[in-house]
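Peer 1: how does the following fold in three dimensions:
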Amino acid sequence: EAWRSGLVSTGRVVGVLFLLGALHKASAVVRYEILEERERGFAVGNVVTDLGLDLGSLSARRLRVLSGTSRRFFEVNRESGEMFVNDRLDREELCGTLPSCTVTLELVVETPLELFSAEVVIQDINDNNPSFPTREMKLEISEAVAPGTRFPLESAHDPDVGSNSLQTYELSLNEYFALRVQTREDSTKYAELVLERALDWEREPSLQLVLTALDGGTPARSATLPIRITVLDANDNAPTFNQSLYRARVLEDAPPGTLVVQVHATDLDEGPNGEIIYSFGSHNRASMRDLFSLDPVTGVLTIKGRLDFEDTKLHEIYIQAKDKGATPEGAHCKVLVEVLDVNDNAPEITVTSVYSPVPEDAPLGTVIALLSVIDLDAGENGLVTCEIPPGLPFSLTSSLKNYFTLKTSAALDRETVPEYNLSITAQDSGVPSLSALTVVQVQVSDINDNPPQSSQSSYDVYVEENNIPGVPILNLSVWDPDAPQNSHLSFFLLEQGAETGLVGRYFTINRDSGIVSSLVSLDYEDRREFEITAHVSDGGIPVLTTNISVNIFVTDRNDNAPQVLYPRPGRSSVEMLPRATAPGHVVTRVVGWDPDAGHNAWLSYSLLGASNQSLFAVGLHTGQVSTSRAVQDTDVPRQTLMVLIKDNGEPSLSTTATLTVSVTEDSPEARAEFPSGSAPREQNKNLTFYLLLSLILVSVGFAVTVLGVIIFKVYKWKQSRDLYRAPVSSLYRTPGSSLHADAVRGGLMPPHLYHQVYLTTDSRRSDLLLKKTGAASPLASRQNTLRSCDPVFYRQVLGAESSPPGQQAPPNT
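Peer 2: Sure thing, here's the model as predicted:
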């Protein structure tokens, strides 16, 4: 035990009574004693030392003193740890007549949250004088009263307790009366006047005495009451009660007028001397007359005011009976009224501390709030239980008597429930039960526990070539369910695979909005597909990220005019036509190709102009130049033809090829013009060399490309085989408002979702347009174009020089 003293044996610590299982660690209950009426600032004791707390961290932990009343009688100096008097301490005001006066305090410190209990015993000092309820007491005593008769006197009242309370009475010297001091059941004192010598009305019709009440303080305080005694002539029979003590029990909520008990007294005298009047005795407390009413004729004691079990549990009532004689005689009895408790006080809930907001990753058992619950009723009526609605991640446990701790019992999730309004119900065990409700608001603070989320893990974007740089092609739909400080998203583009340079050269992304734009105008003939990764990070700590795969497909548009492979532009080419040729003879074939793809690369041929328009015809899709009639003698020997080559795009693009046809006869003039056919053979040799070189290079590149594409597409097909079963609307996402175009013509529809058939009027072969992966080589397109030509012309293009030396290539037939 720790003892402290100050001035007059004050501020003593009587010791640690028991250990409390409070919040994070066990705490001690300390007890102090202090005299009442101490001045403000008086040191009660050092709670920091007595509780074993760290004085240095006291200010940071916000030590607070809590009590059950609105007045703050004590405070703690956070610099010294001393608890001092903060308000006037009047023991009589705080505890009334209770023998022991204890103020219970709760000391709360934070970080971590801890609860300690302290009790301060307020000791009484002799600061109140005894007092009588009246200034003078009058008694009328018949001279016939026998010695030994007792007469109750007015009782004095002293608010002090213990040795400072009323201890005894003294009576002034006289020859007739003596004083007897009695003790009630509640240990209070009262005095009775005892007649020791018979009165003589003829000798002394009146007497004047002084009653002095003394307390036990040092020095003692006192009060005096003058007693005037009038001696009456004899009335020889006094009333008598049938019993000297009456007992009754009544509920505290009994309404006014409820019968408590009926007292009964008899008087053997006749007439007025035998008629009895009942009244309250002089020993009763002043408040008793406000609570009870006595019928003076019948002696019926009833309830007048409102009883309160919590205030007074037992009432001691003194009743006297007097007759109506000239010298009234009196008798006295005592009534003990026991007040029975009823459940008339609802519990009171006080929230002393709330920890809010609570991080959503708070561990189980984290203390959220401390609650104190008080019920003024007794027994079962004062037994209180607390509960919260089920299904919440919180629990209530009782840490101390009348104290409850609100803790977390399950994991919290701010994204699901950001705030709780906990309805805490306190209910007593009375019948009927009474309850109280309070609401504790608990906010859940956010932690960065959710990565950015996207509506889809990958995007397929279709962009038409020759797009405008800087125009958005994709807006990523990404969000973060965390709070704003953690959900701020940042977007980056990353390379995918071993290929580098795509991000900085072709595409960029807005760091804040996630809008993907192209940096350059895309070219379908240069590159048809891009694979990049969108990297999304949030603003929390630690940073959480999400990667989204973005596949960008470039669709073709008709931006390339057809090119002429044969006859080679810029070089003269003369075709021989024997004059004896029949109609339908194939003179030559115009060969063209288009770098575009699909229907944009389909070519048609037509005769734009000729020296003799009726002599020649051109195949619409083959480019084959043939005679439409027999050569006549009137036809000029040298014919110039202009063939128009046009693609199938919108708008259509075209080019022209010019041919020279010489009508020959086996004559000296023809041989003189073309002596040995050296010019055509020289041209055929050069064309054959370039065509063979191109064919070899393109074939090798095409084989490697096809093999790689097949392996890649099989791998992609295995990953997305379910994608083909889905409806078209779920597979396509429009890149943006600026890219609206016809789904077929613009190429925005994914190529694997459609098949287009192109039929010609004079072709017996139907061409099926399918999705092609990877860029087609221009040389490969030329090779395919040449292979679709007539075999005779193909051999002519490859060169007749492949024949053995000295053997001339056969003429066209």
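Peer 1: all contacts plus neighbour counts: C-alpha atoms, from now on.
Peer 2: Will do.
Peer 1: so Glu650 versus His599, what's the distance?
Peer 2: To His599, Glu650 is 10 Å away according to CA to CA, to the nearest Å.
Peer 1: repeat for Thr183
Peer 2: Counting by CA to CA, the gap from Thr183 to His599 is 124 Å.
Peer 1: with Ile541 instead?
Peer 2: Distance, Ile541 to His599, using CA to CA: 54 Å.
Peer 1: pick out whichever of those two has more residues nearby.
Peer 2: Comparing Ile541 with His599 by neighbour count (other CA atoms under 10 Å), the higher total belongs to His599, at 19 against 11.
Peer 1: you'd agree that one is in a helix?
Peer 2: Yes. Assessed with DSSP: H, G, I helix; E, B strand; the rest coil, His599 lies in a helix.
Peer 1: now it: closest residue in space, sequence neighbours ignored.
Peer 2: Among residues not flanking His599 along the chain, Asn648 sits closest, at 5.8 Å (CA to CA, 6 or more residues apart in numbering).
Peer 1: now do the SS call for Asn284.
Peer 2: Of the three states, Asn284 takes coil under three-state DSSP.
Peer 1: for it, give me its contacts.
Peer 2: Neighbour list for Asn284: Glu316, Ile317, Tyr318 [criterion: CA atoms under 8 Å, 6 or more residues apart in numbering].
Peer 1: and Phe151, by the same measure?
Peer 2: Glu192, Leu193, Val194.
Peer 1: assign it to helix, strand or coil.
Peer 2: What three-state DSSP gives for Phe151 is strand.
Peer 1: what about stretch 101-114, how long is it end to end?
Peer 2: End-to-end distance (CA to CA), stretch 101-114: 26 Å.
Peer 1: could you do stretch 275-294 as well?
Peer 2: Stretch 275-294: ends 17 Å apart by CA to CA.
Peer 1: and stretch 564-580, by the same measure?
Peer 2: 30 Å.
Peer 1: got a list of contacts for it?
Peer 2: Residues from elsewhere that reach stretch 564-580, judged by CA under 8 Å, 6+ apart: 587-593, 630-632, 655-665, 680, 782, 812.
Peer 1: can you flag the buried ones in the residues you listed?
Peer 2: Neighbour counting by 16 or more other CA atoms under 10 Å classes 587-593, 630-631, 656-664, 680, 782 among those as buried.
Peer 1: sketch out the low-pLDDT regions of the stretch 101-250 of the chain for me.
Peer 2: Applying pLDDT under 70 to the stretch 101-250 of the chain picks out residues 233-236.
Peer 1: quick one, strands of it?
Peer 2: 102-109, 114-123, 137-142, 150-152, 166-171, 177-183, 189-195, 206-215, 222-232, 240-241, 245-251 (DSSP state E, counting those that start in this stretch).
Peer 1: ok and the third one relative to strand 189-195, angle-wise?
Peer 2: Using axes from the mean of the first three to the mean of the last three CA atoms, to 10 degrees, the direction of strand 137-142 lies 30 degrees away from that of strand 189-195.
Peer 1: just the CA trace of whichever strand or helix holds His535, in CSV.
Peer 2: Under the criterion of DSSP states H and E, His535 resides in strand 529-537. Output of strand 529-537 as CSV, limited to C-alpha atoms (Å, rounded to 0.1, in the frame of the first residue of the first chain):
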residue,chain,number,x,y,z
GLU,A,529,-1.5,-6.2,-86.0
PHE,A,530,0.0,-4.8,-82.8
GLU,A,531,0.1,-6.4,-79.4
ILE,A,532,0.7,-4.1,-76.4
THR,A,533,-0.1,-4.2,-72.6
ALA,A,534,-1.9,-1.5,-70.7
HIS,A,535,-0.3,-1.3,-67.2
VAL,A,536,-2.7,0.3,-64.6
SER,A,537,-1.6,1.2,-61.1
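Peer 1: residues near the closest residue to Val618 other than its chain neighbours, how many?
Peer 2: Nearest residue to Val618, sequence neighbours excluded (CA to CA, 6+ apart): Val625, at 4.6 Å. Neighbour count for Val625, taken as other CA under 10 Å: 24.
Peer 1: next up, the contacts around Val625.
Peer 2: Val586, Val587, Thr588, Arg589, Val590, Phe616, Ala617, Val618, Gly619.
Peer 1: can I get the strands of the stretch 101-250 of the chain in JSON lines including distance to Pro637?
Peer 2: Shown next, in JSON lines, are the strands of the stretch 101-250 of the chain (distance: least, CA to CA, whole Å):
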{"stretch": "strand 102-109", "distance to Pro637": "119"}
{"stretch": "strand 114-123", "distance to Pro637": "119"}
{"stretch": "strand 137-142", "distance to Pro637": "169"}
{"stretch": "strand 150-152", "distance to Pro637": "169"}
{"stretch": "strand 166-171", "distance to Pro637": "159"}
{"stretch": "strand 177-183", "distance to Pro637": "162"}
{"stretch": "strand 189-195", "distance to Pro637": "161"}
{"stretch": "strand 206-215", "distance to Pro637": "160"}
{"stretch": "strand 222-232", "distance to Pro637": "163"}
{"stretch": "strand 240-241", "distance to Pro637": "170"}
{"stretch": "strand 245-251", "distance to Pro637": "143"}
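Peer 1: nearest to Thr350, out of those strands?
Peer 2: Taking CA to CA, strand 102-109 is the member of the strands of the stretch 101-250 of the chain nearest to Thr350, at 12.5 Å.
Peer 1: now the closest one: buried residues?
Peer 2: Using 16+ other CA under 10 Å as the test for burial, strand 102-109 gives Thr102, Val103, Leu105, Glu106, Leu107, Val108, Val109.
Peer 1: wait, doesn't Ala657 sit right on Gly623?
Peer 2: No. Using CA atoms under 8 Å, Ala657 is not in contact with Gly623; the gap is 10.6 Å.
Peer 1: mutual contacts of those two, please.
Peer 2: Residues touching both Ala657 and Gly623 (CA under 8 Å, 6+ apart): Val590.
Peer 1: quick one: the helix ranked longest in the chain to chain centroid distance?
Peer 2: In the chain, assigned by DSSP state H, the helix with the most residues is helix 678-719. In terms of CA atoms, centre = their mean, to the nearest Å, the centre of helix 678-719 is found 65 Å from the chain centre.
Peer 1: please write out the alpha-carbon positions of stretch 239-248 in PDB.
Peer 2: Provided in PDB are the C-alpha atoms of stretch 239-248 (Å, rounded to 0.1, in the frame of the first residue of the first chain):
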ATOM      1  CA  PRO A 239     -55.000   6.300  25.700                       C
ATOM      2  CA  THR A 240     -53.200   3.100  25.000                       C
ATOM      3  CA  PHE A 241     -52.200   1.400  21.600                       C
ATOM      4  CA  ASN A 242     -53.000  -2.200  21.000                       C
ATOM      5  CA  GLN A 243     -49.400  -2.700  19.900                       C
ATOM      6  CA  SER A 244     -46.400  -0.500  20.300                       C
ATOM      7  CA  LEU A 245     -44.800  -1.400  16.900                       C
ATOM      8  CA  TYR A 246     -46.500  -1.700  13.600                       C
ATOM      9  CA  ARG A 247     -44.900  -3.100  10.400                       C
ATOM     10  CA  ALA A 248     -46.000  -2.600   6.800                       C
END
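Peer 1: now do the contacts for the residue nearest the centre of the chain.
Peer 2: For the chain, the residue sitting closest to the mean C-alpha position, by CA atoms, centre = their mean, is Pro418 at 1.5 Å. Residues in contact with Pro418, defined by CA under 8 Å, 6+ apart, are Gln443, Val444, Ser445.
Peer 1: since that was my last question, I'll sign off now.
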